[in-house]
Every structure is written in C-alpha cells, then in structure tokens.
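Visitor: Fold the following, please.
(4 chains)
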Number of protein chains: 2
Amino acid sequence: MSQHRQSGAPGRAGGVPALPDLPEATVARLPEYLRALHNLADAGHETISSEGLSAAAGVNSAKLRKDLSHLGSYGTRGVGYDVALLIEQIEYVLGLTQRRAVALVGVGNLGHALAGYDGFASRGFRIAALLDADPSRVGEEINGLVVRHVDELPAVAAEESIAIGVIATPAPAAQRVADQLVAVGVTSILNFAPCVLSVPEGVDVRKVDLAIELQILSFHEHRKASLTALPATGGSALTALPGGLAATDTQEAIGT
Amino acid sequence: MSQHRQSGAPGRAGGVPALPDLPEATVARLPEYLRALHNLADAGHETISSEGLSAAAGVNSAKLRKDLSHLGSYGTRGVGYDVALLIEQIEYVLGLTQRRAVALVGVGNLGHALAGYDGFASRGFRIAALLDADPSRVGEEINGLVVRHVDELPAVAAEESIAIGVIATPAPAAQRVADQLVAVGVTSILNFAPCVLSVPEGVDVRKVDLAIELQILSFHEHRKASLTALPATGGSALTALPGGLAATDTQEAIGT
DNA sequence: CGCGATTTGTGCACGTCTTCACAAGCGCCT
DNA sequence: AGGCGCTTGTGAAGACGTGCACAAATCGCG
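Guide: Predicted coordinates:
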C-alpha cells in the first residue's frame, strides 16, 4: 500500500475519482485482466508482475502496463501489482461494484441458453427479467425466473432498475425490441440478433454475431489454404479472381 | 447467375487465386456487408450505392468503399455496386464458396443452443459433429446429430474434413480441447470458454466472451452515470461510488 | 547504508485504421 | 454528341493503438 500522489495522471491518485476516459481498446481488455486476476487470487497470489499478468491474460506486457497506468498507479516498482487491490480498482472502473440488472429479451434457442448461463451471475450481473413476444413462451420458468411478455417491459423496468438489455430475438424483431428497451430508459444493449440496430445517441450497443466470427475464421482458413497451395509468389496480387462470372470488366489492371 | 466451379477441385486456369491480404479491420466488416447485401438482394435491389450499403451495414461510406476497393473494383461510378456480383465476390474472398464443416465441442448449456442455431447453416457452415467429454451426454441426439465422445475426434476428423472447431466447454476443459483440435489438424478455433487459449503458430483463435461484453457495457453505463451526476464540475468527481467497499486508501485526499 | 536486482511507468517511433475531400469515370438526358 | 449529375476509388492527414527501450522507483541483502 502506498500513498503516492505522484505525477502521472492529473490529480487523483489513491482516492476514488472521476472516471478517466479510457481508450476503448483498454476498456475492452480490462475484463480480461480482471478474469486473470481472479484466477491468480484463487491460486493464492498476492502480487503479480506485469509480465505474469500479461501472460495470464494473453497480451503484451507493455500494453498491460500502459492500460493499467491509465487508471492510476497501483503497482509497486520492483514488486508488481497487488492482486486484491487491482481487482478492486478494475471492478470499480468497470462499474461492477454494483450488481447490474439485466433484462433478456427473446427466450428462444439462444436466449434460453443465455438465461441459464451462470457466467453472468458470477461476473457481476443479475438476470432480472426474461421476456418474449411469443405468448406460448410466456409463463415458462427458466432458472427460477418466469418468462413475461415483452409488452410488460415498462412494468419490469419499474420493478427492477434495468441497466442492460440483451436482445436474443430473431433479427426481424430486434429493432422493435431495441426501441422498447430505449423507451423504458435502457442505455446499454447487447445484441445477438444479426442485424444493425439504430438507437438514439447516448445509447451503447454492442453486437455479438456468431456467424460473423465463423466467417472471419473462414477467411483466414481460405487464405492459409491458398498460401500453402502456392509457394511464395510475391508479385502477382489478385490476378485471377473468381473469374467465371465477372465477364465484364475484371481484366483491367490496377494502376500503381 | 453464374455458378462457379471450384472448391476442392480448381481446374481453373492460372492456378490458385492469390488472395489479397486484407487489413484485419476490413475482414471483420466483410461479413457485415455480406449480410446487408443479402437483405438488399431479397428486397429486390439489383444495385446499391456505397451510401446505401454503408447505411444498411451501419458504417461510414468512405470506409466501405475503401474496404471494397481492397478486393478489386466491382462498382460502377455513377451507379453503384451490383448486388449479386458483390455478394459473390465477398463470399469468394471469405471462402464461403465451400460449406465448411464445423465441429462443436461441449454440448452443455451454451453448446446446446449453438447446435440448434440455424444461423450457422444459413451462412455457409455445416455443423458436422457434436462432441462432449461427459459420457452421460454422449449419444444424445440434437438437431439430427448424435453427440459423440470427444476422444473420437480423430475419427470424426477423418470422416469429415473439419475446418473449424468451436469450443463451448467450461473454461477448465477448453485448453485440452483446443490441443485435441489442433492435434487433428484444425487450424481455426472459435472459443466461447472464458479463458486464454495457447495454440501453435498458424492456428487462429477467435474468442467470444459474453460476460466481457456485458462488462464493457457496464463501464460505459458507469461512465454515463458519473458524467450526468456532475454536470460542469471539471475537477474532482466523487461519483456515486460508495466509499464503502474500497476499504483501502480511498479516503485519501488528493494532492494536486 | 548503499548497491544491485527487479519491475513499473512512459517517451517515442511505427504501423494501422479512419475520415475527409476530390478527381476520375460513368450513364442519362437533351 | 456533349454536358451534367451522380458515384466510385483514392491520396493525404489525422487519430488511434502498439511495442520497444529505458529512466525512475522500490526492495532485499550484504
């Protein structure tokens, strides 16, 4: 422990502070660090070096140090970071000191699985409501929660203070659900439906599209295959593209 | 519209299609464009401008044009892009002209849902095998596929040509499964387990962690709350943080 | 008490990604 | 045929993210 109110970030050190506005890339990695830290804590570590933590989190150690430096200076030179303290700091910054209520809309195939996923509960969230538009699903009990009709959203929002909405409906229904969520004051949405949502400014949307992930992998797979197929022809870039169909203008060379 | 010959047996003159090596950011967006294009095609559009397509895909139009320019010039100035042609181009580049076989390991809560997710089938993939380490799950039939034991992976890989492995096991089992997948020649892995996988060079891993997504949203939620809490106070911002649980040195006054 | 081993925090240089802005190209209309 | 409006493709500038390499800080030990 230390009382350094040293240089670095303007002002606040030890105290709890205004949130520094972290780079998005850093924010995206903090949860990763947090998970690694919990593992280390469980394993009995009291301190951890940036090298050790970065290995556990799968990132470059310099990057990790820079990330952590953004939220203040909680390491000790020559020693490393205090695991418990760092956990607390990251949880604070991520807003995990309160257990946020999540409303899950769409209890179909995927939604059902999400409702039963205990990774949410164990990492700072509480599924506070399950909703669906299909009357035949309303009333079903999943994991101790009864599915309610999506039109009850206003009532649900009044009962629980919903912080985050999760959309697990088919794509065509997603935009409407998003609108409904926004209407009851939800400003953070996690969207599993394969479509683009438009929301007013101030509302954050994150998207998870399983097929897209596979398609990205497919690209690399395709690329690896085409590379191993031909030795090391450096020069000819996209010479022969799918030829067959593009009877039109593909023959034009590209200037450069 | 044309069919093209190829896939496994490219009798094509000129040899293998040298894929341009696209920027990762571009690759990550191509699937998005593809989905938007399919929607547009279904809606009867034959051509689409970069403006229109970028709106449908939720990106900046200049970015979209630059992305598309990386894979060749398939637009017509003054008109736009031919929807069908562009679909074909993107599918080719992403390697979706062949339907890739996916092996799904871990048929628990989430894995079960993934096995039943038809978004895979409709977007270029075929779930070729379901595997699990739990003997009590082996033999179960899901969506027409019988769950096999994970140790049968070599046999499975011999039967089907597995292009992508999906890991939906608990975290502690994930690394071992990854090793097994790599051992049978899988070079692309989609990991849903909340842990870091280490794999040999040449193997691509993408990760989807649902809790991380929520935590990122939580950060922004926290931040929005702290901003609205103090409108104009440029200086210190003691937000809604209950000094309570940060038991350490949170009370320290800030030197400045 | 000072020295060396260790590890953080960060300046700097580099690469990648984004965005603007505009010339070049294309089709349509007159 | 020629001009005009629309849209693509891209150069250039800037924002952002990454990683090296090293000075500053701390601990342990002789």
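
Visitor: switch to C-alpha atoms for all contacts and neighbour counts from now on
Guide: Noted.

Visitor: for the residue of the stretch 101-250 of chain A found nearest chain B, helix, strand, or coil?
Guide: Proximity of the stretch 101-250 of chain A to chain B (Cα to the nearest Cα) peaks at A:Phe219, 4.2 Å away. Judged by DSSP: H, G, I helix; E, B strand; the rest coil, the three-state class of A:Phe219 is helix.

Visitor: same thing with the one 4 residues further on?
Guide: For A:Arg223, the assignment made with three-state DSSP gives helix.

Visitor: What distance do you get for it to A:Leu214?
Guide: From A:Arg223 across to A:Leu214, the span is 14 Å (Cα to Cα, to the nearest Å).

Visitor: cool, A:Arg35 as well?
Guide: 25 Å.

Visitor: From the neighbour counts alone, determine which of those two ranks first.
Guide: Shown here are A:Arg35 and A:Leu214; by other Cα atoms under 10 Å in any protein chain shown, A:Leu214 has more neighbours (25 against 18).

Visitor: For the more buried one, I want the exact helix or strand it lies within.
Guide: Using DSSP states H and E, the element containing A:Leu214 is helix A:210-229.

Visitor: now swap in A:Ser54 and tell me
Guide: Counting by DSSP H and E, A:Ser54 is found in helix A:50-57.

Visitor: Just the mean pLDDT for that helix, thanks.
Guide: The average of the pLDDT scores along helix A:50-57 is 98.

Visitor: That helix vs DNA strand D: in contact?
Guide: No - using Cα under 7 Å from any atom of the strand, helix A:50-57 stays clear of DNA strand D, with a minimum separation of 10.5 Å.

Visitor: Now the element after that helix, going C-ward?
Guide: Next along the chain after helix A:50-57, with elements defined by DSSP H and E, is helix A:61-70.

Visitor: Need the contact partners of that following helix.
Guide: Residues outside helix A:61-70 that contact it (Cα atoms under 8 Å, 6 or more residues apart in numbering or on different chains) are A:9, A:20, A:22, A:26, A:30, A:50-51, A:53-55, A:74.

Visitor: quick one, that helix and helix A:50-57 angle?
Guide: 100 degrees (axes from the mean of the first three to the mean of the last three Cα atoms, to 10 degrees).

Visitor: what comes up buried for helix A:61-70?
Guide: A:61, A:64-65, A:67-68 (16 or more other Cα atoms under 10 Å in any protein chain shown).

Visitor: List, out of those residues, those positioned next to DNA strand C.
Guide: A:65, A:68.

Visitor: Take the buried residues of helix A:61-70 and lay them out in a markdown table including distance to DNA strand D and pLDDT.
Guide: Formatted as a markdown table, the buried residues of helix A:61-70 follow (distance: Cα to the nearest atom of the strand, whole Å; pLDDT from 0 to 100):
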| residue | distance to DNA strand D | pLDDT |
| --- | --- | --- |
| A:Ser61 | 8 | 98 |
| A:Leu64 | 9 | 98 |
| A:Arg65 | 8 | 98 |
| A:Asp67 | 8 | 98 |
| A:Leu68 | 12 | 98 |
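
Visitor: can you tell me how far the residue nearest to A:Leu96 when sequence neighbours are not counted sits from B:Gln215?
Guide: Sequence neighbours aside, A:Gly124 is the residue nearest to A:Leu96 in space, at 5.7 Å (criterion: Cα to Cα, 6 or more residues apart in numbering or on different chains). As for A:Gly124, its distance to B:Gln215 is 8 Å (criterion: Cα to Cα).

Visitor: repeat for A:Arg77
Guide: Distance from A:Arg77 to B:Gln215, by Cα to Cα: 29 Å.

Visitor: And those two? Which one has more around it.
Guide: B:Gln215 (25 against 8).

Visitor: Please enumerate the strands of chain A.
Guide: A:47-48, A:75-76, A:80-82, A:100-105, A:125-132, A:141-142, A:145-149, A:162-167, A:188-191, A:204-207 (DSSP state E).

Visitor: Compile the ones you listed into CSV and extend it with columns for mean neighbour count.
Guide: Shown next, in CSV, are the strands of chain A (neighbours: other Cα atoms under 10 Å in any protein chain shown):
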stretch, mean neighbour count
strand A:47-48, 20
strand A:75-76, 18
strand A:80-82, 19
strand A:100-105, 25
strand A:125-132, 23
strand A:141-142, 13
strand A:145-149, 18
strand A:162-167, 25
strand A:188-191, 25
strand A:204-207, 17
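
Visitor: Next, format these as TSV and append distance to B:Val105.
Guide: Shown next, in TSV, are the strands of chain A (distance: least, Cα to Cα, whole Å):
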stretch	distance to B:Val105
strand A:47-48	33
strand A:75-76	39
strand A:80-82	36
strand A:100-105	26
strand A:125-132	26
strand A:141-142	24
strand A:145-149	28
strand A:162-167	25
strand A:188-191	24
strand A:204-207	24
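
Visitor: Make TSV from these and add distance to DNA strand D to it.
Guide: Below are those laid out as TSV (distance: least, Cα to the nearest atom of the strand, whole Å):
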stretch	distance to DNA strand D
strand A:47-48	11
strand A:75-76	5
strand A:80-82	9
strand A:100-105	25
strand A:125-132	25
strand A:141-142	38
strand A:145-149	38
strand A:162-167	23
strand A:188-191	19
strand A:204-207	15
